[in-house]
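Undergrad: Predicted model and sequence follow; I will ask about them next.
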Amino acid sequence: MNWKRILWIPICLIMLGIATILVLQFYSRRPTPVSGDQLDRAPAKPGVFRIAFGSCNKQSMPNHMWRAILNCKPDLWIWLGHSVDAKAEDMSFLKSQYDNQKQKPEYQDLLRSCRIVGTWDDNEYGMKNGNGLFKKKAESQQLFLDFIGEPEESIRRQQNGLYTSYVYGEPGRRIKVILLDLYYNADIPGPESDLLGEEQWRWLNNQLRDSKDDIVLLGSSLQLLPFEHPYNRWDDYPKSRKRVLQLLAETKPKLTVILSGDRHLGEISKSNDSGLPYPFYEITSSGLTHHVDFFYHLRAFFSPERNRYRVGELFFESNFGIIDIDQSGKFPVVSMQIRDQENQVRRQVRVSGESPESALMIASPAN
């Protein structure tokens, strides 16, 4: 038996896999013209509230997404973390990076066209994989709020953390956007560790119990449903993950969707066993200027990323998210989309409530 010839078989397979990954990386990083000129083919009609969101933006890189986002004509833009890339304890440096981002012409256009809100991840917080032990978290909080344009008298400037909520629409047709802070009060990760802090937990409990008739969009800088991948996620704090899912199951808002970022890829997840009377969705959009790299694909070649809740396939290119909430009819309809820099819908799920009593949802993935 020729052992050398036999050994060459797995070696050749490995080399072929690496070559394939390199080719995919080359084509995904090819220079592209300024894009997103295509206007939205289904512009929001009366009764539709449109939210655009995203994460993972390097202010030092060109962002081809802003034109596509502007052409979607959103009513609201939500940062879900990594609005700038500046993991540093130097607050003057952090401020300079926020100023750099705010001065970009197309971002200025977005500021003029819709309201901008958001929360952070460790890239703005100032501490890699940050937690409540960061010594400059209070100063960092004020700089982020300056960047977002938070009023000086805002309660958000007085509390311990960035968590906040916004309400849009009339009673009975309200949309509540709840943004969490996963860093300011977080423990070091562990089985019994807490992610939010008791003050934020009490606030979240009140927000959800006041929202039983609302559509709730819960903004989280980390993924909540997916837990089988080895990257940062809520499941690094399993007790906190279980607690927030139980809280949602107890309070039962009319419809709840999780918006998340961080991963440098796009993904839609669905849970049918959340305790809610409808399928529970999470849409992840990341990143705006960069996406998973060669090493991610190399790792995935040998050990593909699992997510038992995934709807469709992962999307590996730069992307942003769109949420269209149509309340013009008797029952609300929510469309969740992941779009690329050409403003093309690459992943989509549409959810509609059949009746207010059962809150039964119908989902139809597309693209």
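TA: That came through, no problem.
Undergrad: Name the strands paired with the helix or strand where residue 281 lies and say parallel or antiparallel.
TA: Residue 281 belongs to strand 280-284 when assigned by DSSP states H and E. Note on strand 280-284: by DSSP bridges, its sheet partners are strand 255-260 (parallel), strand 267-271 (antiparallel).
Undergrad: out of these, deepest packed?
TA: Among the strands paired with strand 280-284, the stretch with the highest mean neighbour count (mean count of other C-beta atoms under 10 Å) is strand 255-260, at a mean of 24. No exception for glycine: its C-beta is placed from N, CA and C like everyone else's.
Undergrad: tell me the mean pLDDT for the strand or helix carrying residue 248?
TA: When elements are assigned from DSSP H and E, residue 248 belongs to helix 238-251. Average pLDDT, helix 238-251: 98.
Undergrad: Offset the numbering so it begins at 474, please.
TA: Done: numbering now begins at 474, and the last item shifts to helix 711-724.
Undergrad: Show me which positions of it end up buried.
TA: By neighbour count on 16 or more other C-beta atoms under 10 Å, the buried set for helix 711-724 is 711, 713-714, 716-718, 720-721, 724.
Undergrad: Quick check: which helices or strands does the helix or strand hosting residue 589 pack against?
TA: In the assignment (DSSP H and E), residue 589 maps to strand 588-592. Packing partners of strand 588-592 (3 or more C-beta pairs under 8 Å, 6 or more residues apart in numbering; DSSP states H and E): strand 549-553, helix 610-621, strand 637-641, strand 648-652.
Undergrad: contacts for the helix or strand following that strand?
TA: As assigned by DSSP H and E, the chain's next helix or strand after strand 588-592 is helix 595-598. Under the contact criterion C-beta atoms under 8 Å, 6 or more residues apart in numbering, helix 595-598 has outside partners 529, 554-560, 567, 601-603, 607, 610, 613, 617, 656-657.
Undergrad: show me what contacts residue 792?
TA: 527, 538, 738-739, 758-761, 764, 811-814, 819.
Undergrad: ok, longest strand in this protein?
TA: Of all the elements of type strand in the chain, the one with the most residues (DSSP state E) is strand 818-826.
Undergrad: Give the other helices and strands that that strand contacts.
TA: strand 728-733, strand 740-744, strand 753-757, strand 806-812, strand 834-836.
Undergrad: Among the helices and strands packed on strand 588-592, which comes closest to residue 582?
TA: strand 549-553 (11.3 Å; C-beta to C-beta).
Undergrad: If you average the pLDDT over the helix or strand following the closest one, what comes out?
TA: Once strand 549-553 ends, the next helix or strand along the chain (criterion: DSSP H and E) is helix 564-575. For helix 564-575, the mean per-residue pLDDT is 96.
Undergrad: show me where pLDDT drops low in the stretch 724-840 of the chain?
TA: Where the stretch 724-840 of the chain drops to pLDDT under 70, the residues are 826-840.
Undergrad: one more time with 90
TA: Residues of the stretch 724-840 of the chain meeting the criterion pLDDT under 90: 727, 766-776, 800-805, 824-840.
Undergrad: What backbone torsions are found at residue 653?
TA: Backbone torsions of residue 653, given as degrees, to the nearest 10, read phi -100, psi 160.
Undergrad: Of the strands paired with strand 753-757, which is nearest residue 677?
TA: Closest among the strands paired with strand 753-757, once you apply C-beta to C-beta, is strand 728-733, at 12.4 Å.
Undergrad: what about that closest one, distance to the chain center?
TA: Relative to the centre of its chain, strand 728-733 is centred 10 Å away, using C-alpha atoms, centre = their mean, to the nearest Å.
Undergrad: before we move on, what about stretch 742-755?
TA: On C-alpha atoms, centre = their mean, the centre of stretch 742-755 falls 17 Å from that of its chain.
Undergrad: Endpoint to endpoint, it covers what distance?
TA: End-to-end span of stretch 742-755 (C-alpha to C-alpha, to the nearest Å): 5 Å.
Undergrad: for residue 797, helix, strand, or coil?
TA: Following DSSP: H, G, I helix; E, B strand; the rest coil, the label given to residue 797 is strand.
Undergrad: Pairing-wise in the sheet, spell out the partners of it.
TA: Where residue 797 sits in a bridge, its partners, by DSSP bridges, are residue 523, residue 808.
Undergrad: separation between it and residue 617?
TA: Relative to residue 617, residue 797 is positioned 28 Å away (C-beta to C-beta, to the nearest Å).
Undergrad: now residue 543
TA: 23 Å.
Undergrad: same deal with residue 701?
TA: Going from residue 701 to residue 617 by C-beta to C-beta gives 31 Å.
Undergrad: Tell me which of the two has more neighbours.
TA: Neighbour tally, residue 701 and residue 617, criterion other C-beta atoms under 10 Å: the higher count belongs to residue 617, 22 against 12.
Undergrad: That one touches residue 593, doesn't it?
TA: Yes: counting by C-beta atoms under 8 Å, residue 617 touches residue 593, with 5.5 Å between them.
Undergrad: Are there residues contacting both of the two? Which ones?
TA: residue 635.
Undergrad: got any ranges where the stretch 524-673 of the chain has weak pLDDT?
TA: Counting by pLDDT under 90, the stretch 524-673 of the chain shows low-confidence ranges at 559-562, 643-646.
Undergrad: I'd say residue 819 and residue 809 touch.
TA: No: judged on C-beta under 8 Å, residue 819 makes no contact with residue 809 at a distance of 12.0 Å.
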